[in-house]
Every structure is written in C-alpha cells, then in structure tokens.
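Student: prediction below, plus the sequence it came from.
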Amino acid sequence: MAQKLPDRASGARARRRVRALIPFGRILFALALIGLGVEHFVLGDFVTGRAPAWPGWLPGRTGGAALSGAAIIAGAIAILTGRRARLAAILVAGMVLVWALLRHVPVVAGAPLLSPAWTAAGKALTFFGGALAVAGTRPPDHLLDRIPAGRFLNGTSGLLALGRLCLGTFLLITGIQHFMFTPFVASLIPAWFPGVPVFWTYFAGVALIAGGIGLLVPPTAWLAALLAGAMVFSWIWIVHLPRTLASVSDSIAIFEAPAVAGIAFVLAGARLLGTDPAGRDQLRSSRIT
C-alpha cells in the first residue's frame, strides 16, 4: 500500500498538468483572437483566417472590417471569461467559415497546387476547426439545442476530431511547401540563428509533415499536437516577432502563431484526457477553467 501512494500522487500531478494544457491553449487562442480583431481595425479588412481582399464591387469595407473585428474580440473575451464560451467559439468558427474559408475555395481552385494561396486557405481551415475544438472543451449551451445541428455542436469528440483534421491538414500543406519554396522559407530564418537556414527549413518541413500525419492518427495525435504546438510557439520569438515591423504578413502572423499553438495545446490536452464517451464525461466533470 505504501508503494502505491506515491504512484497515485504522481498520477494526480500528471493529470493536473494534462488538464492545464487545455486552459493554457484556450488563453493563447483567445488572446490571439483579440490581436487579430484589433488588426481588423488597423488594416481595414477581415484578417482572421487571411480572407481574400474585400470585393471591390461591395461597399462597406471599413465598416464591415470594424464590425467583424469587434465580433471577434467579443468572442475572444467570452472564451477567456467562460461566459457562453462554447457559443462564442462556435460563432467565431462560423464567421471564419463564411467570410474566409468559403471565399478561399474559388481562389484555391484557380491556383496552382499547393501554391501560397493554399497557405492562406489552410490558416482559415485551422481557425475554423480550432475554434470548434475550443468550443468542444467548454460546457454545453442550451441555446444550441434549439438548432438542427445542436447535438453535434454541444458534443465533444466530433468537434475535437474536426479540429485535429483541420490542423493536421494545414500542417501537411505547410510542411510540403517548405520543400517547394525552400529559398523563401530559408530567408525567414534570422541571421543570428545557429546553423544553415536550408537545413532548418528542411527540418521544419519534416516536423510539420510528421505532425500533420500524427494528428490524423489517433494513437499519436496527443504527442503530435503537443510537439507541433511547442514548435509553432517557438516561431513567435524566432521568426515573427523580429519581422513584425518590417512585414505586414508577420504583423498578422505574430497573432496567428500563438492561436495555432493554442489550438494544438487544446487538442493535446483533450486527447490525453480522452474523447470517447467515458472521456467526455471526464473532460466535462474536470471543471477546467
């Protein structure tokens, strides 16, 4: 009996660490959304999910950007505070779906395979699936029961599986692109970083592909999500922060990177807790805040 007590104590500590991944990931995601929402006002366009440029024939670009930015920020605050957090995350996912992801479809259809247009679409896909995954870690919302898809949207395993599929697909796309556009990717690596830029470009490409495949395979999904989240989080400081003032793209990516990392951490923590019926009960009863 005396030997089992330390095992139980260490197991409890391990579970607390696992649970901590989920709120930490949600905080990263929500704070990043606030930053992206502010960018809507600064850049005067729908920034979240790198939506295609506002149609020239459609009036109201500035007002639409401001309204959507305010809605994104409001959704992020709800996720942070936990008030109607599931509903807020689903509404964010819906905004990204309608105004970014669906608008990327004709652009990607007319672009070369795995061209940079696929990167922007992949980001929209990740934000859509990631917002749904975040929603899946919050308590059900009775308002969602009133709509046809309410049972799915108030569930857990389906939303998390969709989040893994979206993030895994995006990682695969960007990993392959590291080999297709090696000179460009290598140019993003700062001069002070040790080693040869091309080596790190290939290394990151392999890691992204492995992470994408790992996320799509249930037994390895938690580890792939955890390592991918850590890698993307490191790029905030290595790549995007030094380039923020010099590149509009990086001024957006400085918020996208923590959002993607946060999504990955949420998926890692949720997968470790379990997403089968018993796991869903454990996830909901753990009262993660």
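Tutor: Yep, it's here. Numbering: from 1, shown residues only.

Student: mind listing the helices for this structure?
Tutor: 4-43, 61-81, 85-96, 102-109, 116-136, 150-153, 157-180, 182-187, 197-216, 221-235, 241-243, 248-273, 277-285 (DSSP state H).

Student: go through those helices and name the closest to Ala51.
Tutor: Nearest of those to Ala51, taken as Cβ to Cβ: helix 102-109 at 5.8 Å. C-beta: built from backbone N, CA, C; applies to glycine.

Student: show me what the closest one is packed against.
Tutor: Secondary-structure packing of helix 102-109 (3 or more Cβ pairs under 8 Å, 6 or more residues apart in numbering; DSSP states H and E): helix 116-136.

Student: against which helices or strands is the helix it packs on packed?
Tutor: Looks like helix 116-136 contacts helix 4-43, helix 85-96, helix 102-109, helix 157-180, helix 248-273 (3+ Cβ pairs under 8 Å, 6+ apart).

Student: name the residues of the last one that are buried.
Tutor: Under the neighbour-count criterion of 16 or more other Cβ atoms under 10 Å, helix 248-273 has 250-273 buried.

Student: just to revisit the earlier point, as JSON lines, the helices and strands packed on helix 116-136 with mean pLDDT and distance to Trp192 would be great.
Tutor: Below are the helices and strands packed on helix 116-136 laid out as JSON lines (pLDDT from 0 to 100; distance: least, Cβ to Cβ, whole Å):
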{"stretch": "helix 4-43", "mean pLDDT": "82", "distance to Trp192": "25"}
{"stretch": "helix 85-96", "mean pLDDT": "97", "distance to Trp192": "35"}
{"stretch": "helix 102-109", "mean pLDDT": "95", "distance to Trp192": "35"}
{"stretch": "helix 157-180", "mean pLDDT": "97", "distance to Trp192": "21"}
{"stretch": "helix 248-273", "mean pLDDT": "93", "distance to Trp192": "17"}
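
Student: ends of stretch 151-165, how far apart?
Tutor: 20 Å (Cα to Cα, to the nearest Å).

Student: off-centre distance for that stretch?
Tutor: 14 Å (Cα atoms, centre = their mean, to the nearest Å).

Student: buried by neighbour count: which residues of that stretch qualify?
Tutor: 153-157, 159-164.

Student: identify the farthest-apart pair in these.
Tutor: It's Asn154 and Arg164 that sit farthest apart of the buried residues of stretch 151-165, by Cβ to Cβ, at 18.9 Å.

Student: where's the spatially most central residue of the chain relative to Leu160, distance?
Tutor: Central residue of the chain (Cα atoms, centre = their mean): Val260, 3.3 Å from the mean position. Per Cβ to Cβ, to the nearest Å, Val260 is found 16 Å from Leu160.

Student: right, I'll leave it there.
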